[in-house]
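Enquirer: got a structure for you, letters missing:
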């Protein structure tokens, strides 16, 4: 197998491929991209198959054999560059965490994509074994789960142990088992936003907390403040359909509570992440209140940062 791989790398001219500039193919940046790391430090690679529902994009990459080969070379180049960023020293991170988004995926219906996918899988199996830590399939439709159930008896236990499937409703919950919410893109239920200065106070390195809110209950997040500062926080509830309010309660009981945000009914149509800040001039605590009147449990994500006041 090693001999065959070395021969393939020479025939495919991997070293020359690595040097090629494919930056003009920016439409593929939404199809395959690296974003953050999992809880064990493995780089996370997203494969978004629904992008191929775009007819123009599909024709550009799969309408004939030459275009499919071009796509294949781009995908191998992306993989090679990702692998060369891994650490193969003792104790190093030497595998990639793969997330496959099947939302609006063309599936098995489009022959050209099916052929290209089969070619890519064959190359990966033959020449890049054991480079994947986990394969997580999110937004998985029922037919995909049925297909996997049918073929799983033919897989080894080791291979099956790497596969995880999640329906659309279970996607954020499943991702948070393996990837912290600050590393999960906003479109998948997390806090991480690419190319956005909407809240520059936070980065992918600022940790977030996750709380499950039971049906028909109220959850209060208490943030104790022991200094004069500007407190900045982010908050989101997956699916919303809850009421949200915020207030500052001074430690001095003779002082009044300050309402920062009146109780507001949040709907799924609202912006996914709420950002707030409050200038604190005395000791006390911030209370973030989320009232879940629904019969479903809700997932609350939040994080905050204490910023010193300017002199």
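Expert: Done, it's in. A quick note: this is a predicted structure, and the numbers were derived from the prediction, not measured. Numbering: from 1, shown residues only.

Enquirer: dump the residue contacts of residue 62.
Expert: By C-beta atoms under 8 Å, 6 or more residues apart in numbering, the residues touching residue 62 are 52, 68, 71, 110, 112-113, 116. Every residue, glycine included, has its C-beta placed from N, CA and C.

Enquirer: Inside strands: which ones of the residues you listed?
Expert: Applying DSSP state E to those, no entry is found in strands.

Enquirer: which of those sit farthest apart?
Expert: 71 and 110 (13.4 Å; C-beta to C-beta).

Enquirer: Looking at these two now, which is surrounded by more residues?
Expert: Just comparing residue 71 and residue 110: by other C-beta atoms under 10 Å the higher neighbour count belongs to residue 71, 21 against 16.

Enquirer: I figured the more buried one was touching residue 115, is that so?
Expert: No. Look at residue 71 against residue 115 with C-beta atoms under 8 Å: they stay out of range, at 11.0 Å.

Enquirer: hmm, back to that, any idea which of the contacts of residue 62 the model trusts least?
Expert: Least confident entry in these, by pLDDT: residue 110, with 73.

Enquirer: gap between that one and residue 74?
Expert: Distance, residue 110 to residue 74, using C-beta to C-beta, to the nearest Å: 19 Å.

Enquirer: Check which helices and strands the helix or strand hosting residue 248 sits against.
Expert: Assigned by DSSP states H and E, residue 248 falls within strand 242-250. Other helices and strands packing on strand 242-250, by 3 or more C-beta pairs under 8 Å, 6 or more residues apart in numbering; DSSP states H and E, are strand 258-266, strand 274-280, strand 284-292.

Enquirer: Okay, now the sheet partners of the first one, with direction.
Expert: Each strand pairing with strand 258-266, determined using DSSP bridges, is listed with its direction: strand 242-250 (antiparallel).

Enquirer: tilt between the strand it pairs with and strand 274-280?
Expert: Strand 242-250 and strand 274-280 meet at an angle of 10 degrees, taking axes from the mean of the first three to the mean of the last three C-alpha atoms, to 10 degrees as the criterion.

Enquirer: Looks like residue 255 contacts residue 282 (just checking).
Expert: Yes. The criterion here is C-beta under 8 Å, and residue 255 meets it with residue 282 at 7.1 Å.

Enquirer: hmm, back to that, for residue 60, which of the helices and strands packed on strand 242-250 is the nearest?
Expert: strand 274-280 (37.5 Å).

Enquirer: Tell me the secondary structure of residue 303, please.
Expert: strand (DSSP: H, G, I helix; E, B strand; the rest coil).

Enquirer: which phi and psi does the closest residue to it other than its chain neighbours have?
Expert: The shortest distance from residue 303 to any non-neighbouring residue, by C-beta to C-beta, 6 or more residues apart in numbering, is to residue 208 (4.1 Å). Torsion angles at residue 208 (phi, psi; degrees, to the nearest 10) stand at phi -120, psi 160.
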